[in-house]
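Engineer: No sequence on hand, only this structure:
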Ligand SMILES: Cc1cc2nc3c(=O)[nH]c(=O)nc-3n(C[C@H](O)[C@H](O)[C@H](O)COP(=O)(O)OP(=O)(O)OC[C@H]3O[C@@H](n4cnc5c(N)ncnc54)[C@H](O)[C@@H]3O)c2cc1C
C-alpha cells in the first residue's frame, strides 16, 4: 500500500457544493487542503451540478432576518430540526449567498415567488427532461473547482474514499482507491461531503423502501453512502435514516429521459388523489409531494401507483409549478390517461372499476360534506383538495423518485461529527446531504439541499481554520451573532469584498441607467439642434416644430429603454445588501 504522508490541514471527501465551498473557504483562509473526488475529471457528476440551483431556506429568502428563518424551519419540520443546526443554517445562509457572489457565482431571481429569489444563473430551460449542462449550477461547480485550484488547493479525481484512519480517538486521514489502487491520505482533519446514500441498494432497502428498484434515482447517482458507513465505523452517531428528499414523477421516467427530473407530478397528486393498483388511496395527499413520495416508497404490497385528477385540476394546479406537468409532460411523451367515465378510466389504468368508483365517491362526498379528516385514509388540507368530477377524468402512472437522503451523520453547528454521547469526534467533520438533523422527520420536511450543504461546508472550513489558529472575522447582515472565534486579521476574503450592485456587472447598462436623465437631455438637445441645422436656410416654424417633436421622441425612446433595463433588472437580478 502506498503511503502518502501529507501535511494537509483538511482532506475533503467529495467535490459537490459542500466539499467545494469548504475547500475554497479553507484555501482562502490559508489552509492546505485536498479534495478527493471519485469522479473522473472536472465534469464529474454530482447532485449539486445537476440541481435546479435554487438557494432557499424552507422556501424563504436566505437573506431574511435569521429568527424568521428559524421560525420557517421550525414550521416545515414541526420543530423536529435540531435547534442548534437550524440556527447555524439561518445565520449562515445570507453569508453563503454573499460569499458565493463574491466568488463570481452568478444568481438571478427566477420569478416573483420568494423561494426563487436566488437561482444560479443561467437557469435551466422551462421544459421537461434533463437540462443541466452549462446551466448555473454546472457552471458554479466548475468555477469553484478552478477557484479552489487557483487558491492552491489540490483536487484528486478518480479517488474513492472508503475508510477513515483513527489514532487515539482522533481522525488523522482516510483510505480508499485512487485510480483503482489502494491509497492512504493523511491530514489533520477530514470532512465527509459525499452527498448521501440514495444510490446504495443495501442501505436504501434497509432504511427507506423494501424494493430499491421501485424508487427512481432522480439525480447523479453518486451518493453511495460511503461517508455514512465510514463515519459509523468510527463511532459517529446517525439521525433517523428513513426519509428522503424527492418527488413524484411520471413512471415513464424508467424508460424516457425526457420526463425527469421535471416535471414533478406533485401538484396534480396533491390537488387530486393517489391510488394503488387496487384503486385505493394510500396516503394523505394534502401534505406535499415530498411526503407522498416517502409514503409510497414505504409500501411493499403495491406495484403501480397513479395520480388521479380531473380537467379542473389539470388546468389549475397542473399548470402551477415552475416546470408544470400541463402541458410539458405530454409534450415530452409522458403518459396521461383520459376518460369520460370512472369505468373507462379504471379500465385504462388496469385497476378494479368498483374500487376506483368507491374511492372517488367517498372522496368527493368528503369534500362536499366537509368531512375529509374522517376518511379512512386521512386527508389534510395543507394543499387544497378538489372534487374529482369534471370530465375528462385523468390519471398519470407515477413512481416515487429519490433525490437525496435527508437523514445521516450527526453534526454540531460547526459541522463536527458527533459520537453517540454527543461529543465531537476530533478531526472529523461532515457537511451536505450526508448529514442529518435538520430535514426529514415524520413530515419528510425539506428545508433546502444546496443551502444546507454550502453553509455547513463554510462552517466546517472556518472551524478547522479556527482550530489551526487562523484569526478572522465574519459579518452577517441578518444577525449580530457569530458562531466561533472570528477575529479579523489577515483574510483575503473580507479584504476583497466588492460592493456588488445589481447592475454593476454590466458596466454599459449601469452607466446608461445611472446617468440616464443627463444622457436623455443631452441627446434631446443634440437632436433638436441637429434638425435645426439641417433645416439650414429654410428655417421656419415647421422646422422648429419638427425639431421639437424629434427631440421629444428621442427623449421618450431613451427613457423607455432605461425603464426597460430597470424592469428587467428588478425581475431577474436578485437584491444584494
Ligand atoms: C434534479 C435535482 C434538482 C435539485 N434542485 C435543488 C434546488 O433547486 N435547490 C436545492 O437546495 N437543492 C436542490 N437539489 C438538491 C441538491 O442538489 C443537493 O442537496 C446538494 O447538491 C448536495 O450537495 P453535496 O455536496 O452534499 O452532494 P453532491 O453534490 O452529491 O456531491 C457529492 C460528491 O461526492 C462524491 N463522492 C461520493 N462518494 C465519494 C467517495 N467515497 N469518495 C470520493 N468522492 C465521493 C460524488 O462523486 C460527488 O461529486 C437538487 C438535486 C437534484 C438531483
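Structural biologist: Right, received. Where do you want to start? Predicted, not measured: the structure shown is a model, and the values here were computed from it. Numbers count the residues shown, from 1 in each chain.
Engineer: contacts and neighbour counts: CA atoms only from here.
Structural biologist: Fine.
Engineer: Paired strands for whichever strand or helix holds residue 184, with orientation please.
Structural biologist: In the assignment (DSSP states H and E), residue 184 maps to strand 181-192. Note on strand 181-192: by DSSP bridges, its sheet partners are strand 2-13 (parallel), strand 170-178 (antiparallel), strand 424-430 (parallel).
Engineer: Against the ligand, how distant is residue 401?
Structural biologist: 10 Å (CA to the nearest ligand atom, to the nearest Å).
Engineer: So for the nearest residue to that residue once chain neighbours are set aside, what pLDDT did the model give?
Structural biologist: In space, and not counting its chain neighbours, residue 401 is closest to residue 216: 4.3 Å by CA to CA, 6 or more residues apart in numbering. We note a pLDDT of 97 for residue 216 in this prediction.
Engineer: which parts of the stretch 101-250 of the chain sit against the ligand?
Structural biologist: Contact residues, the stretch 101-250 of the chain versus the ligand (CA under 6 Å from any ligand atom): 159-162, 193-195, 218-219, 222-224, 226.
Engineer: can you give me the helices in the stretch 1-150 of the chain?
Structural biologist: 17-28, 47-50, 66-77, 83-102, 136-150 (DSSP state H, counting those that start in this stretch).
Engineer: Mind giving me the packing neighbours of the second one?
Structural biologist: Contact analysis of helix 47-50 by 3 or more CA pairs under 8 Å, 6 or more residues apart in numbering; DSSP states H and E lists helix 136-150 as its packing neighbours.
Engineer: Let's see if you can find the most crowded of the residues of the stretch 101-250 of the chain next to the ligand.
Structural biologist: When neighbours are taken as other CA atoms under 10 Å, the top entry among these is residue 195 (35 neighbours).
Engineer: can you give me the end-to-end distance of stretch 43-58?
Structural biologist: 30 Å (CA to CA, to the nearest Å).
Engineer: for residue 429, what are its contacts?
Structural biologist: By CA atoms under 8 Å, 6 or more residues apart in numbering, the contact list for residue 429 reads 189-192, 411, 415-417, 460.
Engineer: For it, name its beta-bridge partners.
Structural biologist: residue 191, residue 416.
Engineer: and it, how far is that from residue 247?
Structural biologist: From residue 429 to residue 247 the distance is 29 Å (CA to CA).
Engineer: Same question for residue 98.
Structural biologist: Taking CA to CA, one finds residue 98 at 30 Å from residue 247.
Engineer: Pick out whichever of these two has more residues nearby.
Structural biologist: residue 247 (27 against 19).
Engineer: To which secondary structure element type does that one belong?
Structural biologist: strand (DSSP: H, G, I helix; E, B strand; the rest coil).
Engineer: Now the next helix or strand after the strand holding residue 184: buried residues?
Structural biologist: Next helix or strand after strand 181-192 toward the C-terminus (DSSP H and E): helix 201-207. Residues of helix 201-207 classed as buried: 203-205 (neighbour count, 16 or more other CA atoms under 10 Å).
Engineer: List the contacts of the helix or strand following helix 201-207.
Structural biologist: As assigned by DSSP H and E, the chain's next helix or strand after helix 201-207 is strand 216-217. By CA under 8 Å, 6+ apart, the residues outside strand 216-217 that reach it are 198-199, 253-254, 399-403.
Engineer: Now tell me what touches the helix or strand that strand 216-217 is followed by from outside.
Structural biologist: Note on strand 216-217: by DSSP H and E, the next helix or strand toward the C-terminus is helix 226-233. Here helix 226-233 makes contact (CA under 8 Å, 6+ apart) with 13, 161-164, 192-194, 196-197, 238, 408-409, 434.
Engineer: got those residues as a markdown table, with distance to residue 320 and pLDDT columns?
Structural biologist: Shown next, in a markdown table, are the contacts of helix 226-233 (distance: CA to CA, whole Å; pLDDT from 0 to 100):
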| residue | distance to residue 320 | pLDDT |
| --- | --- | --- |
| 13 | 39 | 98 |
| 161 | 42 | 98 |
| 162 | 43 | 98 |
| 163 | 46 | 98 |
| 164 | 46 | 98 |
| 192 | 38 | 99 |
| 193 | 34 | 98 |
| 194 | 34 | 98 |
| 196 | 30 | 98 |
| 197 | 31 | 98 |
| 238 | 37 | 98 |
| 408 | 33 | 98 |
| 409 | 36 | 98 |
| 434 | 32 | 98 |
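Engineer: Kindly reformat the residues you listed as JSON lines containing distance to residue 61.
Structural biologist: Listed next are these as JSON lines, based on distance: CA to CA, whole Å:
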{"residue": "13", "distance to residue 61": "29"}
{"residue": "161", "distance to residue 61": "35"}
{"residue": "162", "distance to residue 61": "37"}
{"residue": "163", "distance to residue 61": "38"}
{"residue": "164", "distance to residue 61": "37"}
{"residue": "192", "distance to residue 61": "27"}
{"residue": "193", "distance to residue 61": "25"}
{"residue": "194", "distance to residue 61": "26"}
{"residue": "196", "distance to residue 61": "25"}
{"residue": "197", "distance to residue 61": "28"}
{"residue": "238", "distance to residue 61": "29"}
{"residue": "408", "distance to residue 61": "25"}
{"residue": "409", "distance to residue 61": "26"}
{"residue": "434", "distance to residue 61": "24"}
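Engineer: Going through those, which ones are buried?
Structural biologist: Buried among the contacts of helix 226-233 (16+ other CA under 10 Å): 13, 161-164, 192-194, 196-197, 238, 408-409, 434.
Engineer: Quick check: residues of the stretch 351-500 of the chain near the ligand?
Structural biologist: So the stretch 351-500 of the chain meets the ligand at 403, 432-433, 448-451, 453 (CA under 6 Å from any ligand atom).
Engineer: tell me the domain ranges of the chain?
Structural biologist: The chain resolves into domains spanning 2-241+406-495, 244-403, 507-572 when parsed by automatic domain parsing.
Engineer: Can you name the element that comes right after the helix or strand of the chain with the lowest mean pLDDT?
Structural biologist: Across the helices and strands of the chain, mean confidence by mean pLDDT, DSSP states H and E is lowest for helix 492-495: a mean of 36. Next helix or strand after helix 492-495 toward the C-terminus (DSSP H and E): helix 507-514.
Engineer: What residues of that following helix count as buried?
Structural biologist: For helix 507-514, by 16+ other CA under 10 Å, it's 509-510, 512-513.
Engineer: Identify the residues contacting the residue in the stretch 201-350 of the chain positioned nearest to the ligand.
Structural biologist: Nearest residue of the stretch 201-350 of the chain to the ligand: residue 219, at 3.6 Å (CA to the nearest ligand atom). Residues counted as contacts of residue 219 (CA under 8 Å, 6+ apart) are 46-47, 50-51, 261, 402-404.
Engineer: so which of these comes closest to residue 175?
Structural biologist: Residue 175 lies nearest to residue 46 out of the contacts of residue 219, by CA to CA, at 21.2 Å.
Engineer: Quick one: the strands in the stretch 301-450 of the chain, in order.
Structural biologist: Here the stretch 301-450 of the chain has its strands, by DSSP state E, counting those that start in this stretch, at 305-310, 337-339, 393-405, 416-418, 424-430.
Engineer: The third one - contacts with which helices or strands?
Structural biologist: Strand 393-405 makes packing contacts with strand 216-217, strand 244-250, helix 289-298, strand 305-310, strand 337-339, helix 342-349 when contacts are defined by 3+ CA pairs under 8 Å, 6+ apart.
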